[in-house]
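K.L.:
Return a 3D structure for these sequence lines:
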Amino acid sequence: MVIGFIINGIITVVPIIVSCLLCFYQFLKTKERFILLLTLAWFFWTLFIVISLLSIFLASVPLVQLAGVLMVPLTFSLILFVDSISRESVDPTKLVIITAASMAYLIIHLTPGSVFYLKLPNGMLYFYANEADSLAYAILMFLIEYAWVFYLAKIFWYAPKNLKIYASIVFFSQLLSCFIFFISSILIPEITFLIVGLGTLPIAFLFAKHPQLAFILPFKALRLTIFETRSGIALFTHSWSEREDLISEVLFSGMLSGISMILNESVKRGNVREIHLDQAVLIMRKSEEFTVACVLVTTKTSRSLRQALDTFADQFFKKFSPFFSDPSNLDNFKTASDLIMDYFAFIPEYD
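P.N.:
Numbers count the residues shown, from 1 in each chain. The predicted structure is shown next:
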């Protein structure tokens, strides 16, 4: 049993390390917070398994306790990751629950006698946890797995057609991993690590390969319009959602031009940055040098959207400024779609 546990643990480390490196490589390219949190989660999970294996091999109770302590940063990394792919800010209620569960687990786990070793009939040592420690650990794992399955299910449910297959693979692989994890914990505990380790690969690969999965829940980007503020001419428009209830780009850009001019003249407190509606937000970025502005229409505001819009706008103003003197020639701005692919590639496309 112990030998099988160690062998499976060693095998398990390989896919988790691969997942960790894959996510870290993606973070170096995108600098997205959600992929960093996923990288940290796999890193702490690797440390947890390695130290757990050492504790069994060396029959060391302090190492068992240290492995348990690593469950806390692992838990927070996973919960913060879940929040990062479901909302703009951290959910305080979820954070309080996880903090309370983690503190209770730490107190119980570090209490003398919470974990101990027993000699098996074959002469080998194996560690056990008392009922309180086992219960605290089970509660913590349940909260993690519940959050994962719940939000991955929401991503699967709301995913557009072009991402549905990837969302389904992530969701069902995690669901199957959770089910087998709890069953194996009771029937075949020595393969528990292996099941979880293998479950990390599809999640890491698909979130790295298709980062749009992480931006299905926080917001739904609808349209990006760049217009000349004096004439109201729409220079370029890109839509992520083909909605019939959206007005034409000509009327939309003209309306924005009028609103911007009225507010500037009446309030005289600078340019409009955001306009909030009941079910949408207009994020605006006006050039300080040219009479051109970019407006992004989305269901909710987001740090990622604001940063992407700022970067896109800077590049658009720089690349197309020679054509701003003739805004009626829209053919000059068609290649702006390349900038969309460069700076808004993380936004899901909706049919």
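K.L.:
Return the distance of the helix or strand encompassing Q174 from the chain's centre.
P.N.:
For Q174, the enclosing helix or strand under DSSP states H and E is helix 161-187. Remark: helix 161-187 is offset 17 Å from the chain centroid, using C-alpha atoms, centre = their mean, to the nearest Å.
K.L.:
Can you name every helix or strand that it contacts?
P.N.:
helix 131-158, helix 192-209 (3 or more C-beta pairs under 8 Å, 6 or more residues apart in numbering; DSSP states H and E). From N, CA and C alone the C-beta is placed, and that goes for glycine too.
K.L.:
what's the most buried one of those helices?
P.N.:
helix 192-209 (a mean of 21; mean count of other C-beta atoms under 10 Å).
K.L.:
sorry, back to before: may I see the helices and strands packed on helix 161-187 arranged in JSON lines, with mean pLDDT and distance to S328 as well?
P.N.:
Formatted as JSON lines, the helices and strands packed on helix 161-187 follow (pLDDT from 0 to 100; distance: least, C-beta to C-beta, whole Å):
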{"stretch": "helix 131-158", "mean pLDDT": "88", "distance to S328": "40"}
{"stretch": "helix 192-209", "mean pLDDT": "78", "distance to S328": "41"}
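K.L.:
and E32, what is it in contact with?
P.N.:
E32 makes contact with 26, 211, 214, 304, 346, according to C-beta atoms under 8 Å, 6 or more residues apart in numbering.
K.L.:
where does the stretch 251-351 of the chain have low pLDDT?
P.N.:
Across the stretch 251-351 of the chain, residues meeting the criterion (pLDDT under 70) sit at 251-272, 351.
K.L.:
Out of the helices and strands packed on helix 161-187, flag the one nearest L224.
P.N.:
Relative to L224, the nearest member of these by C-beta to C-beta is helix 131-158, separated by 20.9 Å.
K.L.:
quick one: the closest one to helix 161-187, angle?
P.N.:
Orientation check (axes from the mean of the first three to the mean of the last three C-alpha atoms, to 10 degrees): helix 131-158 against helix 161-187 gives 160 degrees.
K.L.:
Going by contacts, tell me the helices and strands next to helix 131-158.
P.N.:
Helix 131-158 packs on helix 71-84, helix 92-109, helix 161-187, going by 3+ C-beta pairs under 8 Å, 6+ apart.
K.L.:
tell me the mean pLDDT for the last one?
P.N.:
In this case it means helix 161-187. Computed over helix 161-187, the mean pLDDT rounds to 80.
K.L.:
Equivalent analysis for the first one, please.
P.N.:
Model confidence over helix 71-84, given as mean pLDDT, is 91.
K.L.:
about what we covered before: format the helices and strands packed on helix 161-187 as CSV; extra columns: distance to W42.
P.N.:
Shown next, in CSV, are the helices and strands packed on helix 161-187 (distance: least, C-beta to C-beta, whole Å):
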stretch, distance to W42
helix 131-158, 13
helix 192-209, 6
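K.L.:
so which of the helices and strands packed on helix 131-158 comes closest to S287?
P.N.:
Closest to S287 of these is helix 71-84 (C-beta to C-beta; 31.1 Å).
K.L.:
What are the contacting residues of the closest one?
P.N.:
Contacts of helix 71-84 with the rest of the structure, by C-beta under 8 Å, 6+ apart, involve 33-34, 37-38, 40-41, 44-45, 48, 89-91, 94-95, 98, 101-102, 105-106, 137, 140, 143-144, 147-148, 151, 214.
K.L.:
what angle do that helix and helix 131-158 make?
P.N.:
Counting by the same axes, to 10 degrees, helix 71-84 lies at 20 degrees to helix 131-158.
K.L.:
going forward, begin numbering at 661 instead of 1
P.N.:
Done: numbering now begins at 661, and the last item shifts to helix 731-744.
K.L.:
most packed of the helices and strands packed on helix 791-818?
P.N.:
With a mean of 21, the top stretch among the helices and strands packed on helix 791-818 by mean neighbour count (mean count of other C-beta under 10 Å) is helix 731-744.
K.L.:
CA atoms only for it, dumped as CSV, please.
P.N.:
C-alpha atoms of helix 731-744 as CSV (Å, rounded to 0.1, in the frame of the first residue of the first chain):
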residue,chain,number,x,y,z
MET,A,731,-3.1,23.2,1.7
VAL,A,732,-3.8,26.7,2.8
PRO,A,733,-2.0,28.6,0.0
LEU,A,734,-3.2,26.0,-2.4
THR,A,735,-6.8,26.6,-1.4
PHE,A,736,-6.5,30.4,-1.6
SER,A,737,-4.8,30.2,-5.0
LEU,A,738,-7.6,28.0,-6.4
ILE,A,739,-10.4,30.1,-4.9
LEU,A,740,-8.8,33.4,-6.1
PHE,A,741,-8.4,31.7,-9.5
VAL,A,742,-12.1,30.9,-9.5
ASP,A,743,-13.0,34.4,-8.6
SER,A,744,-10.7,35.8,-11.3
